[in-house]
Each structure stands twice: as C-alpha cells, then as structure tokens.
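Q: mind folding the following:
(one chain, ligands or ions: 2)
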Amino acid sequence: MTSDDATALVVIDVQNDFCPGGALEVAEGDRVVPVANRLMGRFPLIVLTQDWHPRGHNSFAANHADAEPFSTTDMPYGTQVLWPIHCVQGSDGAAFHRDLETDRAHMVVRKGFRPAIDSYSAFFENDRTTPTGLDGYLKDLGVGRIVMLGLATDFCVYFSAIDAVALGYSVTLAEDGCRGIDLDGSLAAALADMRDKGVAFAQSDAL
Ligand code: VGL
Ligand code: ZN
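A: Residues are numbered from 1 along each chain as shown. Ligands and ions are numbered 1, 2, ... in the order given. This is a model prediction of the structure:
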C-alpha cells in the first residue's frame, strides 16, 4: 500500500441544527449518526466538519431586509440561498449531535466563519477559491481516497464531494449516511452531478 492509498473518513456537518428539531432541520438528519459512528471504526483518519457562523452572517435571511428564508440573493461571489439562522458559533445548534462519537476525530474543520461569505464545501468557501486548509492537511498526510457522509446531501456534502474529486481524490459517498434538504429539486440535481463527476456511491455496510 502506497501512502496515496490512505483513506480518510470525512463526516460533514452532523450538527444539531441540521437534525430534527434544529433551525435548519434535515428530515431524518439524525439517522446518519449511527452510520458515522460505525464507519469511524473502519478508517485510520477521521475528519469532522462543523458549520460555524457568526450571528451576523451574510447567509442568514434575517440579516437582509425583507428576505424570506430559502429565497436567494446575488452576492459578489454568485447566487446565495438565504437560510434561517443556524449553526451560530458556540450555540447548541452548532454543536455536534450528542451521540456522534466526536472523540474519535483527528481533525475538525470549521467553516462559514467569515461574515461576508458562506462555505458549503469542506475544501473551499462559496467563492470556490478561498481554501479551508483541508486539502493541505489531507495531502500532507498522504490521503488519496475519501469516504464521505453527512448533511446535507445536496449542499455541504455535494460541494465537498465535487471539490474533492476536482482536487484529485477518489471519493466514495456512503449513501445511507447522508440526508438532503431538497430545495427545488436540488437533491436530484446534486446526485446526478456527483455521478457525472465521478463520485462513487456505496452502502456503508459494504465499506
Ligand atoms: C448547510 C445550508 C447552510 C449544510 C450548511 O451543511 O449542508 N446547508 N449551511
Ligand atoms: Zn450554514
């Protein structure tokens, strides 16, 4: 096995606000927790991402005059969905789901902390160029393959997966470890685009 064969498990945004009862709840979001815990025992390197916004973040509808949650607006870096207030730094909503075995993580990547720009992907902010540092970390450690899961399939998981492919990683999505928001067909579009771009799909018990 060359060092390039090292595989990292990347668990995206398994936080209270994306679980049932949370501010931006994803249907069955909590169902990914046991899948994540089981897979953490199977990979040598575990990365968690954590959506981590200041209260004044530009992606919150409440910070724009007359904007409804789930509407869109033009930002200097492109179209941005305006979300309900979620994952505010230090809040309960921003905390990982209490049953997620976070002690097993080697690295936690926080993203979305710059007030003027959102960051769906674990690798780049929504301008598609500002890096989070995760690529450098993984490449430093000789990681060539990524198994990914988490929330939400059609936003943070989607952008993380296609960015990972573009950065040269071989990427497998643990499908049963993901749940989506599905805003105007975004889930089907994300799945199709991931397939087109070479993301592999698997059930977690086959990994
Ligand atoms: C996410 C919307 C806003 C996600 C984060 O984790 O998919 N979606 N912030
Ligand atoms: Zn967010």
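Q: which parts of the chain sit against ligand 1?
A: Within the chain, the residues that sit near ligand 1 (C-beta under 6 Å from any ligand atom) are 13, 18, 51, 83, 120, 151-152, 155-156. Bear in mind the C-beta positions are built from the backbone N, C-alpha and C, glycine included.
Q: tell me which of the residues you listed is nearest to residue 206?
A: Taking C-beta to C-beta as the measure, residue 206 lies nearest residue 151 of the residues of the chain next to ligand 1, at 21.1 Å.
Q: pairing partners for the closest one in the sheet, please.
A: Applying DSSP bridges to residue 151 gives these bridge partners: residue 179.
Q: show the backbone phi and psi for residue 85.
A: Residue 85 adopts backbone torsions of phi -60, psi 130, taken as degrees, to the nearest 10.
Q: which elements pack onto the strand or helix carrying residue 193?
A: Assigned by DSSP states H and E, residue 193 belongs to helix 186-196. Contacts defined by 3 or more C-beta pairs under 8 Å, 6 or more residues apart in numbering; DSSP states H and E place helix 186-196 against helix 158-166.
Q: quick one: the strands in the protein?
A: 6-12, 45-51, 72-75, 78-81, 107-111, 143-151, 170-179, 200-202 (DSSP state E).
Q: and the contacts of the fourth one?
A: To tie it back to what came earlier, the one meant is strand 78-81. The contact list for strand 78-81, computed with C-beta atoms under 8 Å, 6 or more residues apart in numbering, reads 58-59, 70-74, 118, 126-127, 183.
Q: who's residue 171 bridged to?
A: Counting by DSSP bridges, residue 171 is bridged to residue 146.
Q: count of residues packed around it?
A: 23 (other C-beta atoms under 10 Å).
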